[in-house]
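# Attaching a predicted model along with its sequence, questions to come.
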Amino acid sequence: MDATTSTLSGVETGRPGRPAAWLRRLFLLALLLFVLAGLFGLLGVRTTTASSDEAGWTLTVEHASVARAGLDVPWQVTVTHPGGFDKELTLAVTGDYFDIFESQGFDPEPSDETRDGHTLYLTFTAPPGDTFVVAYDAYVQPSAQTGRDGTVAVMVDGDRVAATDFRTRLLP
């Protein structure tokens, strides 16, 4: 076919664009980094521990510092007191902290639960020995968008002892 009779005659095609090729490469690199972050668990739940000692009481909270909606998260409190406990042990926890979770409950179950405007009081039958452990079996609600801060403390004669602060942030 003669070049003068071609329908493409006079139509300039741009040189293959280098910027477009670099944008594709950058996109593929970003996608690869995202997949690798997921593979190595960087997009899941991160757990941390916070603790406090006061007046012979030690309180430790293992909790999710970073989580995502729909994932199981740990929340476990360990209380240690040399010489053991009285008949009952009461924990005071920021009540609205648990609002971001769907729960299967506490283990062991508290013998009594009360809540004032801000604080949830969990009363447990004291175990024998110097250590008490309670776990909260939960996952983050699928609709939860923001994390929560909380404080847990042991109640001794109406006073908060060994108060420990913790925070859970939620990623999209």
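Right, received. Where do you want to start? If you're wondering where the values come from, they're calculated on a predicted model, not measured in any experiment.

# Following the chain past the helix or strand bottoming out on mean pLDDT in the chain, name the next helix or strand.
The helix or strand with the lowest mean pLDDT-type score in the chain, counting by mean pLDDT, DSSP states H and E, is helix 18-39 (a mean of 88). Tracing the chain C-terminally past helix 18-39 and defining elements by DSSP states H and E, one meets strand 46-54 next.

# What is that following strand packed up against?
The helices and strands touching strand 46-54, judged by 3 or more Cβ pairs under 8 Å, 6 or more residues apart in numbering; DSSP states H and E, are strand 57-68, strand 159-171. The C-beta positions use only the backbone N, C-alpha and C, and glycine is treated the same way.

# Pull the residues that contact it.
58-67, 74, 161-166 (Cβ atoms under 8 Å, 6 or more residues apart in numbering).

# Likewise for stretch 131-143?
Contacts of stretch 131-143 (Cβ under 8 Å, 6+ apart): 67-80, 85, 89, 91, 98, 100-108, 110, 122, 124, 126, 170.

# Low-confidence bits of the protein, can you list those?
Residues of the chain that meet the criterion pLDDT under 70 lie in 1-4, 10, 12-17.

# Please parse it into its domains.
15-43, 46-171 (automatic domain parsing).

# ok, and which of the ones you listed has the densest surroundings?
domain 46-171 (a mean of 16; mean count of other Cβ atoms under 10 Å).

# Please state the offset of it from the chain centre?
Between the centre of domain 46-171 and the centre of its chain there are 13 Å (Cα atoms, centre = their mean, to the nearest Å).

# going forward can the numbers begin at 776, since that is how I track them
Will do, 776 is the new start, and the previous item becomes domain 821-946.

# one step back: among the domains of the chain, which is nearest Thr782?
Comparison of the domains of the chain against Thr782 by Cβ to Cβ identifies domain 790-818 as nearest, at 20.9 Å.

# picking that back up, could you save the domains of the chain as CSV and add columns showing distance to Ser781?
Listed next are these as CSV, based on distance: least, Cβ to Cβ, whole Å:
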stretch, distance to Ser781
domain 790-818, 20
domain 821-946, 56
